[in-house]
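**Q** Kindly generate the corresponding structure for this input.
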Amino acid sequence: MFARLPDMVRVSLAALCLALCCPAALHAVDLKKAAAWLAQRAAAAYESGDMDKAASLYHEALRKDPSEPNCLYGAARAEQSAGRLDRAEQDY
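**A** Numbers count the residues shown, from 1 in each chain. Below is the predicted model of the structure:
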């Protein structure tokens, strides 16, 4: 019966069950979403040439989701572009 439901309904039901059974898992999902949003803002800052803002946002995203390698790479690129090679080396 569950398999016949549309994908969006199944995902919503699964998220609801997860939230009811394990609130910590829901918090982890929220952190991943927040990190992804911050990474998007960081990429936009990088593209506009604001390396300080890009590096700051990438580092903030990493605090929310330390498992995201693209944020670490983005932070390193921004630091390098800003001439802060010591910080870039730490991130790489």
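
**Q** mean confidence for the longest helix along the chain?
**A** For the chain, the helix with the greatest residue count under DSSP state H is helix 23-47. In this model, helix 23-47 has an average pLDDT of 81.

**Q** residues in contact with the helix or strand following it?
**A** Next in sequence after helix 23-47, counting helices and strands by DSSP states H and E, comes helix 51-64. By C-beta atoms under 8 Å, 6 or more residues apart in numbering, the surrounding residues in contact with helix 51-64 are 31-32, 34-36, 38-39, 41-43, 45-46, 68, 71-72, 74-75, 78-79, 81-82, 84, 87. In this view, the C-beta of every residue, glycine as well, is placed from N, C-alpha and C.

**Q** from those, which would you call buried?
**A** Among those, the ones that count as buried by 16 or more other C-beta atoms under 10 Å are 35-36, 38-39, 41-43, 45-46, 68, 71-72, 74-75, 78-79, 84, 87.

**Q** any idea how far residue 81 lies from residue 54?
**A** Remark: distance between residue 81 and residue 54 (C-beta to C-beta, to the nearest Å) = 8 Å.

**Q** Please apply the same query to residue 77.
**A** Plainly put, residue 77 is 8 Å away from residue 54 if you go by C-beta to C-beta.

**Q** who touches both of these two?
**A** Overlap of the contact sets of residue 77 and residue 54 (by C-beta under 8 Å, 6+ apart) consists of residue 46.

**Q** Please compare these two by neighbour count and tell me which comes out ahead.
**A** Between residue 77 and residue 54, counted using other C-beta atoms under 10 Å, the more crowded position is residue 54 (26 against 18).

**Q** For residue 92, see how far away that one is.
**A** Taking C-beta to C-beta, one finds residue 54 at 15 Å from residue 92.

**Q** Pull up the overlap in contacts between residue 81 and residue 54.
**A** Contacts common to residue 81 and residue 54, judged by C-beta under 8 Å, 6+ apart, are residue 46.
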